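**Q** Give me a 3D structure for the following:
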Amino acid sequence: MTKKGDEPLVSLEESVGSAIKELRLRHGLTIAQVSEQASISRGMLSKIENGQTSAGMETLARIARALGVSMSMLFSKYDVTASTAQHIKKGKGMEVVRRGTKSGHTYHLLAYDQGPVKLFEPFLITMDDDSEQYPTFQHPGTELLYMLEGKLEYRCGQDTYLLEPGDSLTFLAEVTHGPEKLIKCPIKFLSFIVYPRGAE
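**A** Model (predicted):
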């Protein structure tokens, strides 16, 4: 590690690895979950996170997609250039891994971060009719749900709400929340999470 003035400079591998680990932990994901979604071994992902090896661009692209971020997020200390707009065509939102993926949730990220701080996440979430118990969630920020299709009961704290197409539900995301009962499938809804500034 070298220094420029009083500021330490880390290698590109260390910077990228640190960014990947921070993003993975921010979403509460394990190395196994991300490595499976990115189609790489757990050992390789661990080495990349610890800056012990350099990964090819194709591998980094798969990791970025699994985490639901742009490639620029992995190089944020080296490349802060960002476009002013994102256009996601119908059906082209990145499918990413999140808690609940194996319980029937499918998450399509409709926009991704282009700066060093995550401000919001918009998801299109689909749910299938199955017998698995759905997980509950708690995280920083405010969340808005907007129902597109189907019908479900959604728990927020001690209360449950019947959500039908056209309904919306807004709540502080630190409160325990999650699907309570699937009533009419298939279910599709939008989830917008707005994070407080500086949230990790």
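**Q** Next up, the contacts around the residue nearest to Leu23 when sequence neighbours are not counted.
**A** Nearest residue to Leu23, sequence neighbours excluded (Cβ to Cβ, 6 or more residues apart in numbering): Leu67, at 4.8 Å. C-betas here are computed from N, CA, C, even on glycine. Shown in contact with Leu67 (Cβ atoms under 8 Å, 6 or more residues apart in numbering): 20, 23-24, 27, 29, 34, 96.
**Q** could these go into CSV alongside secondary structure?
**A** Listed next are the contacts of Leu67 as CSV, based on DSSP: H, G, I helix; E, B strand; the rest coil:
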residue, secondary structure
Ile20, helix
Leu23, helix
Arg24, helix
His27, coil
Leu29, coil
Val34, helix
Val96, strand
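**Q** mind checking how far the lengthiest strand in the chain is from the chain centre?
**A** Ranked by residue count under DSSP state E, the longest strand found in the chain is strand 177-194. Remark: strand 177-194 is offset 16 Å from the chain centroid, using Cα atoms, centre = their mean, to the nearest Å.
**Q** Show the average pLDDT along it.
**A** Strand 177-194 shows a mean pLDDT of 92.
**Q** Same check on stretch 39-47?
**A** Stretch 39-47 comes out at a mean pLDDT of 93.
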